[in-house]
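> Provide a 3D model corresponding to the input given below.
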Amino acid sequence: MNAITRNKLKRRRNAEAGAEGAKATPTSSGTSRGTVAGMPAINIEFTVEELDRIKARAASANKSMRAHAHDVLVDEADRLAFVEGAAAIARRMLTDAMARFPEGQR
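Here you go, the predicted structure:
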């Protein structure tokens with residue numbers, strides 16, 4: 001048995017014995033890689049220049065591109081939720097202040 005065949009068998013065994021919910025999925029080269037079943041994923045297209053900037057930023061943060069992209073997307077979603085919540089509170093406070101204080105006392 002040659003090294004390539006041994007590696008394929010090893011990957012197959014690892015995928016079959018992997019974490020619960022893991023399954024083997026073929027890659028473009030026909031090999032298998034373990035993935036967690038049911039985990040949502042996205043594919044995003046970038047220009048070469050955008051990708052270079054993202055790679056540089058991920059490297060400066062000592063993160064993989066995957067980890068950096070994940071963190072940026074989740075942080076932005078959390079930031080937007082925070083800002084929307086804060087704006088709603090500010091609107092309620094402003095409405096209350098406008099009702100409690102006459103025009104000249106605001």
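
> which residues of the protein fall in helices?
3-16, 48-60, 65-100 (DSSP state H).

> Out of these, the one nearest residue 38 is which?
Residue 38 lies closest, by CB to CB, to one member of these: helix 3-16, at 15.8 Å. All C-beta spots, glycine's among them, are computed from the backbone N, C-alpha and C.

> Residue 63: how many residues sit nearby?
The tally of other residues near residue 63 (other CB atoms under 10 Å) stands at 15.

> Now it: closest residue in space, sequence neighbours ignored.
Nearest residue to residue 63, sequence neighbours excluded (CB to CB, 6 or more residues apart in numbering): residue 71, at 7.1 Å.

> didn't that neighbour look like it was pressed against residue 64?
No - checked against CB atoms under 8 Å, the pair residue 71 and residue 64 is beyond contact range at 10.4 Å.

> For residue 40, find the nearest of the helices of the chain.
Evaluated with CB to CB, the helices of the chain place helix 65-100 nearest to residue 40, the distance being 11.6 Å.

> Could you tell me the average pLDDT over the closest one, please?
In this model, helix 65-100 has an average pLDDT of 93.

> That one packs against which elements?
On a contact count with 3 or more CB pairs under 8 Å, 6 or more residues apart in numbering; DSSP states H and E, helix 65-100 meets helix 48-60.

> ok, and for the helix it packs on, which residues are buried?
Taking 16 or more other CB atoms under 10 Å as the neighbour-count basis, helix 48-60 is seen to contain the buried residues 54, 58.

> Tell me what angle that helix forms with helix 65-100.
The directions of helix 48-60 and helix 65-100 differ by 90 degrees, with axes from the mean of the first three to the mean of the last three CA atoms, to 10 degrees as the criterion.
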